[in-house]
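>>> need a structure here:
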Amino acid sequence: MRLIPLYLHLILLTLGNAFLLTLVAVYLSAQGTPAAQIGLVGSAFYLGMLGASFFADHFIQRLGHIRALVCCCLVLGVAAWALTWTNLLPVWLLLRMLAGMAAAIGFVAVESWVLGASPLNKRSFAMARYMLIYYFSYGISQLFIDWVPTLGATGFMVATGLCFLSMLPLYWAKQPDLHTQSATEMAVMPTARADRTLGLVGCLVAGMLLGTLSSLMPIQLEQLALGEEVGLYMAWLILCGMAFQLPNGVLADTFGKRIMMVVQTAMVAVGCVILWEYDSKSAQLIAFALLGGGGFTLYPTTMSYACGKMQGRALVKMAQKLMFTYSIGSLTGPMIAGIMLERQQGGLFLFVMLLVSGWAVGLLMMRLLADKPVGTTI
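Next up is the predicted model:
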C-alpha cells in the first residue's frame, strides 16, 4: 500500500513521456524532416539517459527521492512544452537530451525506491510488479497517437500535462527509508563482486536485446512479408512480456534468480529458432510469446540479482550503474543488429541468437568458476 502513490506517479509519467517519444518521431516525419535527423533527435534522448547515469545517485542523495522525482517531472514537462516554441534542430536536440537526463534520474529513483522498500526475499516480485505497471502504461500511451492530434501543439500539451500531473501522487508519498535493516540483513549485506558483475552484464544484454526488438523487429517482419501485421505481432510481443512478469518474479524469488536467467535465455533462443525455421501463423505466435516472455523479464531479474541485499546509498549507486550498462546496450544493440539485418534477411534473429548464446556461455562460466570452491593449499 505504501508504494501506491509511487506507482500512480509512474503510470502518469510513463503515459506522458512514452507518448512523447513516439509523438516526436511522428510529428517530425509529418513536417518532412529527413529520417537521419529524426534518428538523431531520437538518439539525443538516450544520450541524455547515458549522461545522467554518471551523476544520478549524487542528485538523488542530495535532494531525496521525492524531490528528485518532482524535479524530473518539471524538466520533462517543460522540455515537452518547449518543443512547440521552435523547429530549430539544435534546440530540439538539447531539449531531448535534457529530457533523457530527467528520465534516467527518474528511473534510478523509482527502481531503487521499489527495491529498497521491498523485503529482500521478494525483490524479484517487486521488480516484476514495477515492470508490469511500466509496460502497461507504455502500451496505453501508444494509443494516444490515434486519439490525440499530432500535427499541432495539442499532443505536446497533453504530454506536458501528464508529466506535470504525475507530481500530484508524490504529495501522498512518504520519503523512503532505505537505510532500515534488520540484524540478519546487516550480517549479509555485501554482495559478491561476481554477482554484481553478472548482473551488470545481464543488464547490458537486456538493453541490447530490448533495444533491438523494439526498434528493428518491425523491419524484420516487413522483410518476412508480414508488414500488414506488424502492429499485431508487436502488441503480442509486449503483451506476452507483461503476462510473464509476475510469474517470473515469483519463480525467481522461489527457485533463484540465476535459474530464471537460464530459463529466459532458453526462451529467447528457442523463439528465434522457431521464427527462423517455421512460417506458420501458430508457430510465429508461439515464438513471439517466448521472445516477449523471456526478453522483457531479463532486465528486472538481472537488476534484482545485481542489487542482492544492498540498501541505502549502495543500492542507489548500483541502480545508477545498471542504468548506465542498460543504456549502453540500448544504443549499441540496434546498431549491430541493423548492420546484420542489411546483410541477410534473418539478420535480427541471427544477432539475437548470437547475443543470448554469449550470455549463456557467461552464465555457464559463472557456474563453473565463480561457484567452485577454491580449496586449501598445504
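
>>> In terms of helices and strands, where is the residue nearest to residue 358 when sequence neighbours are not counted?
With sequence-adjacent residues excluded and distances taken as CB to CB, 6 or more residues apart in numbering, residue 358 is closest to residue 205, at 7.9 Å. (C-beta placed from N, C-alpha, C; glycine too.) Element membership for residue 205, per DSSP states H and E: helix 193-223.

>>> Tell me where the stretch 1-150 of the chain is predicted with low confidence.
The stretch 1-150 of the chain contains residues with pLDDT under 70 at 1, 35.

>>> which residues of the stretch 151-300 of the chain fall in helices?
154-165, 183-187, 193-223, 230-243, 245-255, 257-277, 281-307 (DSSP state H, counting those that start in this stretch).

>>> List the buried residues in the third one.
Going by neighbour count (16 or more other CB atoms under 10 Å), the buried part of helix 193-223 is 195-196, 198-221.

>>> now the angle from that helix to helix 230-243?
If you take axes from the mean of the first three to the mean of the last three CA atoms, to 10 degrees, helix 193-223 sits at 160 degrees to helix 230-243.

>>> what is the orientation angle of helix 193-223 with helix 281-307?
Using the same axes, to 10 degrees: helix 193-223 against helix 281-307 is 160 degrees.

>>> can you check the fourth one too?
Note on geometry: by the same axes, to 10 degrees, helix 230-243 and helix 281-307 are set 40 degrees apart in direction.

>>> Show the subsequent helix or strand relative to the helix or strand that contains residue 67.
Counting by DSSP H and E, the element that carries residue 67 is helix 65-82. Downstream of helix 65-82, the next assigned helix or strand under DSSP H and E is helix 89-116.

>>> For that following helix, enumerate the helices and strands it packs against.
helix 4-30, helix 35-52, helix 56-63, helix 65-82, helix 123-147, helix 281-307, helix 312-343 (3 or more CB pairs under 8 Å, 6 or more residues apart in numbering; DSSP states H and E).

>>> Figure out which of these is closest to residue 160.
Of all the helices and strands packed on helix 89-116, helix 65-82 sits nearest to residue 160, with 4.4 Å by CB to CB.

>>> Residues contacting that closest one, please?
Outside helix 65-82, the residues that touch it by CB atoms under 8 Å, 6 or more residues apart in numbering are 9, 13, 16-17, 20, 59-60, 63, 91, 95-96, 98-99, 101-103, 105-106, 109-110, 112-113, 156-157, 159-161, 163-164, 166-167, 170, 173, 175-176.

>>> Figure out how far that helix is from the centre of its chain.
Helix 65-82 sits 19 Å away from the centroid of its parent chain (CA atoms, centre = their mean, to the nearest Å).

>>> Same question for stretch 326-345.
With CA atoms, centre = their mean as the basis, the mean position of stretch 326-345 lies at 17 Å from the chain mean.

>>> Now do the helix holding residue 205 and helix 257-277, the angle between them.
Orientation note: helix 193-223 sits at an angle of 20 degrees relative to helix 257-277 (the same axes, to 10 degrees).

>>> for the record, mean pLDDT for stretch 363-378?
Per-residue pLDDT over stretch 363-378 has a mean of 59.

>>> ignore the last one, stretch 268-282
Rounded mean pLDDT across stretch 268-282 is 86.

>>> Give the buried residues for that stretch.
268, 269, 270, 271, 272, 274, 275.

>>> Neighbours of the spatially closest residue to the first one that is not a sequence neighbour, how many?
If the residues on either side of it in the chain are set aside, residue 268 comes closest to residue 294, at 4.2 Å by CB to CB, 6+ apart. Each residue near residue 294 was counted by other CB atoms under 10 Å, and the total is 26.

>>> Low-confidence regions, the stretch 201-350 of the chain specifically.
For the stretch 201-350 of the chain (pLDDT under 70), the answer is 225-229, 231.

>>> need the contact list for residue 313.
57, 61.

>>> same check, this time on residue 12
Residues in contact with residue 12 (CB under 8 Å, 6+ apart) are 162, 163, 165, 166, 168, 169.

>>> Please read off the pLDDT at the closest residue to it other than its chain neighbours from the model.
Spatially, and ignoring its direct neighbours in sequence, residue 12 is nearest to residue 166 (3.7 Å; CB to CB, 6+ apart). pLDDT for residue 166: 96.

>>> Quick check: residue 166 touching residue 16?
Yes: at 6.8 Å, residue 166 counts as touching residue 16 under the criterion of CB atoms under 8 Å.

>>> re the thing from before, what subset of the contacts of residue 12 is buried?
Judged by 16+ other CB under 10 Å, buried ones among these: 162, 163, 165, 166, 169.

>>> Tabulate those residues (CSV), appending distance to residue 120.
As requested, these are arranged in CSV below (distance: CB to CB, whole Å):
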residue, distance to residue 120
162, 34
163, 33
165, 34
166, 29
169, 26
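
>>> What is the burial count for residue 26?
Look at residue 26: counted by other CB under 10 Å, it has 14 neighbours.

>>> where does the closest residue in space to it that isn't next to it in sequence fall, phi/psi-wise?
Computed as CB to CB, 6+ apart, the closest residue to residue 26 that is not its neighbour in sequence is residue 150, at 5.0 Å. When read as degrees, to the nearest 10, the backbone of residue 150 gives phi -110, psi 0.

>>> Residue 150 and residue 310, how far apart?
Distance of residue 150 to residue 310, computed by CB to CB, to the nearest Å: 43 Å.

>>> Looking at the two, which is more packed in?
Between residue 150 and residue 310, counted using other CB under 10 Å, residue 310 has the larger neighbour count: 23 against 19.

>>> neighbours around residue 39, how many?
Neighbours of residue 39 (other CB under 10 Å): 13.
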